[in-house]
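Enquirer: Any chance you could fold what I've pasted below:
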Amino acid sequence: MQSFFLPVAIVIVDQITKLLVEKTIPSGTGISILGGLVQISRVYNPGSALGILPTARVPIIVSCLIVVTWIIVAGKGIDKWFSESIRLGAGLVVGGAAGNLIDRVRLGSVIDFIDLRIWPVFNVADMAVCVGAAILVYSLVTGNPGGRNNK
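Expert: Below is the predicted model:
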């Protein structure tokens, strides 16, 4: 049960931040913060990561559902069999994918709002997926996906 807290927390934070952006930032405008290093703007991304495949809404939704379902099903017993880093990475990926999936179903696109000016605009769910994937890759590359019981 502990493994479901992180994904739920990611979805809640992601959806709250997107709701705040929807309510306060008019589409196509932005607010500069941190001395202009970052801009908070409202952008609707109909595609996948980095705006790729903007017309593939249904395949993206289906693939997200498959990935989230697979991780949840494969994760039954994850607390018992996998290391903390694998649980953390999987929780971040599931939470981020679910957060963006909610947008795709609700709006037909994902709300992105963090603009670093040198990178495509992104959101909390995108950060969770990227960090979670990096943790999973690192854990698998270092050769200890099962934690101390798998050595």
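Enquirer: Sheet partners, orientation included, of the top strand by length along the chain?
Expert: The strand spanning the most residues in the chain, taking DSSP state E as the definition, is strand 38-45. The partner list of strand 38-45 in its sheet, established with DSSP bridges, is strand 30-33 (antiparallel), strand 110-115 (antiparallel).
Enquirer: Beyond the last one, next helix or strand please.
Expert: Next helix or strand after strand 110-115 toward the C-terminus (DSSP states H and E): helix 124-141.
Enquirer: what angle separates that following helix from strand 38-45?
Expert: On the basis of axes from the mean of the first three to the mean of the last three CA atoms, to 10 degrees, helix 124-141 is oriented at 90 degrees to strand 38-45.
Enquirer: Who are the packing partners of helix 124-141?
Expert: Other elements packing on helix 124-141 under the criterion 3 or more CB pairs under 8 Å, 6 or more residues apart in numbering; DSSP states H and E are helix 5-24, helix 84-107, strand 110-115. For glycine as for every other residue, the C-beta is placed from the backbone atoms N, C-alpha and C.
Enquirer: Thank you, goodbye.
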